[in-house]
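**Student:** The following comprises the amino acid sequence and a computationally predicted model.
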Protein chains: 2
Amino acid sequence: MYRPRDTRRDQLVAEVTNDLRKYAADAQQVGHAFANLHGLGPTDLHALIAVMDAELLGDPTTPGRLGEQLNLSSGSVTALIDRLERAGHIRRDRDTADRRKILLHYAEPGAALAMEFFQPLGRRTDTVMADFTDDELETVHRFIAAMSTSLRQHRDAVRAARPGTAPPR
Amino acid sequence: MYRPRDTRRDQLVAEVTNDLRKYAADAQQVGHAFANLHGLGPTDLHALIAVMDAELLGDPTTPGRLGEQLNLSSGSVTALIDRLERAGHIRRDRDTADRRKILLHYAEPGAALAMEFFQPLGRRTDTVMADFTDDELETVHRFIAAMSTSLRQHRDAVRAARPGTAPPR
DNA sequence: TCCATGTATCTCGAAAATCGAGACTATCGA
DNA sequence: TCGATAGTCTCGATTTTCGAGATACATGGA
């Protein structure tokens, strides 16, 4: 079978694949920088992001869900939350509806630090986006969203094949 | 000053920003799935990715560089490499040019597992890319590369602002 | 050549994070 | 009300990481 190589198409696919890997690595580095600045371990960083994400979506996490996301045992989650609460990054609130649950909220000292850290980054990314037309951003949106979907499908397929890990909820 | 809200533009920017965050989170989940499948901790996973990346670029890492990337002390790096070597994922080779250095290579049992895991994902992403024209992929490439650059600039700016070492955990 | 200095990795004891089974409390359905 | 279940926490054991030396090789100058 004939497989054309070195076409523009091949090169583009390779470049985009590479871009994605590099982007993920760079994002991680930025996270690391933030964590180091505030004396946080890698787990603490991921936890903060998860808590913030959930709160932005209007659906605060609980220790249980956090543990699933980060693949931590319940004991580790308790220790983790203790740490973050002691450091002033998050706050525990009991759910008024189901009083077994604890809702995790971003607390003030930490939120302010995060703002200070990420605001300059936001300005940079705004500048980048200014170089793209609406239609181009639409294309980017379509692409990344589709890639995300692929990732999730792959993850679910893998989990289904080996029922060792927690299935999706 | 008048700031238009809810324009298509605003919505696009918000969507893309959200896409990027979600993509990073999904990629992380996939990594987690792989790690769980093979009994690897989060550090081990990052280390494997770094080793593989470096090798693909034709410039194998060393324990020292790995420690910098993962923010690990030299002692932890040694333990980490011991672990991965014992599990058959990587291999130590002494550099013939500078015999103080150790070059880290992907070893066979681990490489095969990674292939098996990621090949289906590659097929999925190929399918996604097939839905985009060359020009669209070019746009995506330009966008992600520019975003990566922003991330690195931000990271460097932050590092420059706070020289010296990270505060203690 | 020889020595001083610097770089790269490893050793080892102490500290920290994580695990996992069990306890405790709250909720929900019968 | 009672039993089953869900969500979180406690605590001892295990794993991972830290960080200060120790060791080995490299490099440059006297």
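**Tutor:** Nice, thanks for sending it over. Worth saying up front: this structure is predicted, and the values here are computed from it rather than measured.

**Student:** nearest residue to residue A:16 other than its sequence neighbours?
**Tutor:** Nearest residue to residue A:16, sequence neighbours excluded (Cβ to Cβ, 6 or more residues apart in numbering or on different chains): residue B:141, at 5.2 Å. Every residue, glycine included, has its C-beta placed from N, CA and C.

**Student:** Can you read off the pLDDT for that neighbour?
**Tutor:** pLDDT, residue B:141: 97.

**Student:** who are the neighbours in contact with it?
**Tutor:** A:12, A:15, A:16, A:19 (Cβ atoms under 8 Å, 6 or more residues apart in numbering or on different chains).

**Student:** now, which of these lie within helices?
**Tutor:** Counted as lying in helices by DSSP state H, out of the contacts of residue B:141, are A:12, A:15, A:16, A:19.

**Student:** Output those residues in a markdown table; the columns should cover pLDDT and neighbour count.
**Tutor:** Output for the ones in helices among the contacts of residue B:141, formatted as a markdown table (pLDDT from 0 to 100; neighbours: other Cβ atoms under 10 Å in any protein chain shown):
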| residue | pLDDT | neighbour count |
| --- | --- | --- |
| A:12 | 92 | 20 |
| A:15 | 92 | 17 |
| A:16 | 94 | 22 |
| A:19 | 92 | 19 |
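
**Student:** With respect to DNA strand C, which of the residues you listed is nearest?
**Tutor:** Taking Cβ to the nearest atom of the strand as the measure, DNA strand C lies nearest residue A:19 of the ones in helices among the contacts of residue B:141, at 28.6 Å.

**Student:** and the residue lying closest to residue A:131 once chain neighbours are set aside, what element?
**Tutor:** Nearest in space to residue A:131, with sequence neighbours left out and distances taken as Cβ to Cβ, 6+ apart, is residue B:146 at 7.1 Å. If you go by DSSP states H and E, residue B:146 is part of helix B:134-161.

**Student:** can you give me how far that helix is from the chain middle?
**Tutor:** Put simply, helix B:134-161 sits 15 Å off its chain's centre (Cα atoms, centre = their mean, to the nearest Å).

**Student:** got it, and stretch A:47-63?
**Tutor:** 10 Å.

**Student:** Just confirm yes or no for it near DNA strand C.
**Tutor:** No. Counting by Cβ under 7 Å from any atom of the strand, DNA strand C is not contacted by stretch A:47-63; separation bottoms out at 8.7 Å.

**Student:** what comes into contact with that stretch?
**Tutor:** Stretch A:47-63 is contacted from outside by A:31, A:40, A:65-66, A:69-70, A:74, A:77-78, A:80-81, A:84, A:89-90, A:93, A:95, A:101-106, A:110, A:114, B:21, B:25, using Cβ under 8 Å, 6+ apart.

**Student:** can you tell me how far residue A:76 sits from DNA strand D?
**Tutor:** 8 Å (Cβ to the nearest atom of the strand, to the nearest Å).
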